[in-house]
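Participant: Quick one, what's the 3D model for this:
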Amino acid sequence: MCSKTCLPWQGRVYINDAFTDWSGDTRYEDGVKYGRSQYCGKWFPLLSSAIAEGLFHPNCRHGIGLYIDGVTGLPKPMDNSDIERRYKEEQHQRALERVVRKAKRRVEGFMEPADIQKAKADLREAQKNVREYIAETNEKEGSTVLVRQPVQEKIYGGDVRIGSSADPYEPPTKPAPFKPVEGFTAEVNIPAPENQTVEYTEQKIPERLKSAGTAEDDKESDLLKGSADIQFDRFDGSKAVQPELADEYRAEYDKFTEIFGELPNLNGIGVAPYKGDKTFGQYFPESRSIIIYGAGGSDGDKFISQTAQNNKSVGGWSTGSKYHSFRHELGHALQMEHEINDLNWQKKKEEIEALRQALVDSLTNDDGRVRIKEAKTRLSRYGLVNTKEFISECVAEYANNPNKARPTAKKVVAILMRGDEYYVNVNT
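Facilitator: Numbers count the residues shown, from 1 in each chain. The predicted structure follows:
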């Protein structure tokens, strides 16, 4: 429930005279102005009348959708007692989040070490209260009615830290230098964020990869129309991908696009030698291309297979398939496609980030430390790095086997695949 002013107006059919140019017969019924539909001849209240009485007030969460008489079904009436109860639950969560923000400001405002230490303890307690209240409420309701919303706990203009690691609910706008959290071990092949496609607008192809081993170096390649277009250009002296492995990659590309649709922002896939920097694949939005490292030559198949199995065994990646890095980078290309053409991408991204934060919460001790070794039971260690890597890890797991994908991957893919009608027809 947004407010009591909205309650009388939800779940009804209107003539949209507020956001479109409409003219027609009108009359008043019980003080509300009605108009006669020019399509079915029925009388409906004018949307402008509802807005004048408080609908779509600031922070209103109601929406409108297209109604076709005789075709579109009206939403079922909701029990007002349920609406009011959940409204109160949400408002209590907002109050707890205000306590978190206040605690964060106190951490930043103090100068004395003893005061800062006390303020950090208060902050941990406030965050714990939010986690526990959400868990208790969802258990009582028997479903997920409340979720952690990092944006509601965010303050601006500082860098709040708990212990030795940054507050997990305050992700920086640009990736910080990679510092493993407690639990990461040296053998885990998790690429550092600075080696990955994190900020689409800033990532550029390294100079050492600008000389391809094909005759088409200086020509602008066409966008991929299907797997047959994939030629696996060679960079930085890489050996060619073996024909059998190349065909397997092409089949994986077809499988991926059957699930997620075509990727018009991808125009090439290449290979380069592995440099020992724990980077096994990259998506470059500037050149709209993917580079797979170590896949070339007669031992390419063996290398990518062992790499995937090693990373999966220690929880670094969400699957142990030799195609994992390829699918992961296709996931970045898919995100780029949504970012360009999906009008609801920001809403989807925020919802997915809430899922990632919920996962981090479930793995976070009261002292702020993340039980990183347990991440592999839910997704992967790499999936915790940031939202983009979280999405790509989920996409890679789902593409590996949609039927056997774990709940986290399925939830993220379900959000990605939502159509525009989901957001048009959302009603509170």
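Participant: So what's the gap between stretch 117-137 and the chain middle?
Facilitator: With Cα atoms, centre = their mean, to the nearest Å as the basis, stretch 117-137 stands 25 Å off its chain's centre.
Participant: Flag every buried residue along that stretch.
Facilitator: Within stretch 117-137, the residues that qualify as buried are Ala119, Lys120, Asp122, Leu123, Arg124, Ala126, Gln127, Val130, Arg131, Tyr133, Ile134, Thr137, counting by 16 or more other Cβ atoms under 10 Å. Every C-beta, even on glycine, is put in place using the N, C-alpha and C of the backbone.
Participant: out of the residues you listed, who's nearest Tyr67?
Facilitator: Thr137 (33.6 Å; Cβ to Cβ).
Participant: Please name the residues that touch the closest one.
Facilitator: By Cβ atoms under 8 Å, 6 or more residues apart in numbering, the residues touching Thr137 are Glu89, Gln93, Val145, Leu146.
Participant: The last one touches Glu90, doesn't it?
Facilitator: Looking back up the chat, that one is Leu146. Yes. Here Leu146 reaches Glu90: they are 6.9 Å apart, a contact under Cβ atoms under 8 Å.
Participant: hey, what's in contact with both of those two?
Facilitator: Common neighbours of Leu146 and Glu90, counting by Cβ under 8 Å, 6+ apart, are absent.
Participant: These two: who's more crowded?
Facilitator: Shown here are Leu146 and Glu90; by other Cβ atoms under 10 Å, Leu146 has more neighbours (18 against 15).
Participant: Quick check: the gap between the residue lying closest to that one once chain neighbours are set aside and Pro402.
Facilitator: Nearest residue to Leu146, sequence neighbours excluded (Cβ to Cβ, 6 or more residues apart in numbering): Ile134, at 4.6 Å. Counting by Cβ to Cβ, to the nearest Å, the separation of Ile134 from Pro402 is 29 Å.
Participant: before we move on, back to that, what about the residue nearest to Leu146, distance to Ala103?
Facilitator: Ile134 is 17 Å from Ala103, by Cβ to Cβ.
Participant: Please apply the same query to Ser289.
Facilitator: To Ala103, Ser289 is 46 Å away according to Cβ to Cβ.
Participant: Mind pulling up the pLDDT for Pro231?
Facilitator: No Pro there; residue 231 is Gln. We have a pLDDT of 75 for Gln231.
Participant: That should have said Ala251, apologies.
Facilitator: Value for Ala251, per-residue pLDDT: 82.
Participant: Just the buried residues of the strand or helix carrying it, please?
Facilitator: Ala251 is part of helix 243-260, with elements assigned from DSSP states H and E. Residues of helix 243-260 classed as buried by neighbour count (16+ other Cβ under 10 Å): Leu245, Ala246, Glu248, Tyr249, Arg250, Glu252, Tyr253, Phe256, Thr257, Phe260.
Participant: Can I get the residues you listed in CSV including distance to Gly73?
Facilitator: Below are the buried residues of helix 243-260 laid out as CSV (distance: Cβ to Cβ, whole Å):
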residue, distance to Gly73
Leu245, 51
Ala246, 50
Glu248, 47
Tyr249, 46
Arg250, 44
Glu252, 41
Tyr253, 40
Phe256, 35
Thr257, 34
Phe260, 30
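Participant: From these, pick the one nearest Asp25.
Facilitator: Using Cβ to Cβ, the buried residues of helix 243-260 come closest to Asp25 at Phe260, 48.3 Å.
Participant: That closest one touches Val395, doesn't it?
Facilitator: Yes. Assessed by Cβ under 8 Å, Phe260 is found in contact with Val395 at 7.3 Å.
Participant: overlap in contacts of those two?
Facilitator: Contact criterion Cβ under 8 Å, 6+ apart; residues shared by Phe260 and Val395: Leu334, Leu416.
Participant: before we move on, back to that, tell me which two in the contacts of Thr137 are the farthest apart.
Facilitator: Top of the distance list for these (Cβ to Cβ): Gln93 and Val145, 10.0 Å.
Participant: ok, these two, which is more surrounded?
Facilitator: Ranked by neighbour count (other Cβ under 10 Å), Gln93 and Val145 place Gln93 first, with 20 against 16.
Participant: Glu351 sits in which helix or strand?
Facilitator: Using DSSP H and E, Glu351 sits in helix 345-362.
Participant: And that helix, what does it pack against?
Facilitator: For helix 345-362, the elements it packs on are helix 324-341, helix 387-400, helix 407-416, judged by 3 or more Cβ pairs under 8 Å, 6 or more residues apart in numbering; DSSP states H and E.
Participant: Now do the same contact list for Gly296.
Facilitator: Arg234, Ser238, Lys239, Ala240, Val241, Val271, Ala272, Pro273.
Participant: Output these in TSV; the columns should cover neighbour count and pLDDT.
Facilitator: Converted to TSV, the contacts of Gly296 look like this (neighbours: other Cβ atoms under 10 Å; pLDDT from 0 to 100):
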residue	neighbour count	pLDDT
Arg234	19	89
Ser238	25	89
Lys239	15	91
Ala240	17	90
Val241	25	90
Val271	27	92
Ala272	25	92
Pro273	16	94
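Participant: what are the ranges of the strands in the chain?
Facilitator: Using DSSP state E, the strands found in the chain span residues 26-29, 32-36, 43-45, 161-162, 165-166, 233-234, 268-272, 281-284, 289-293.
Participant: now the ones you listed as a markdown table including distance to Tyr323?
Facilitator: Below are these laid out as a markdown table (distance: least, Cβ to Cβ, whole Å):
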| stretch | distance to Tyr323 |
| --- | --- |
| strand 26-29 | 62 |
| strand 32-36 | 58 |
| strand 43-45 | 54 |
| strand 161-162 | 38 |
| strand 165-166 | 33 |
| strand 233-234 | 19 |
| strand 268-272 | 12 |
| strand 281-284 | 10 |
| strand 289-293 | 10 |
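Participant: Of all those strands, which one is nearest Glu53?
Facilitator: Minimum separation from Glu53 across the strands of the chain (Cβ to Cβ) falls at strand 32-36, 8.1 Å.
Participant: What average pLDDT does the closest one get?
Facilitator: Rounded mean pLDDT across strand 32-36 is 93.
Participant: Number of residues surrounding Asp342?
Facilitator: Other residues close to Asp342 by other Cβ under 10 Å number 17.
Participant: whoops, I mixed them up, Gly73
Facilitator: Quick note: Gly73 (other Cβ under 10 Å) scores 6 neighbours.
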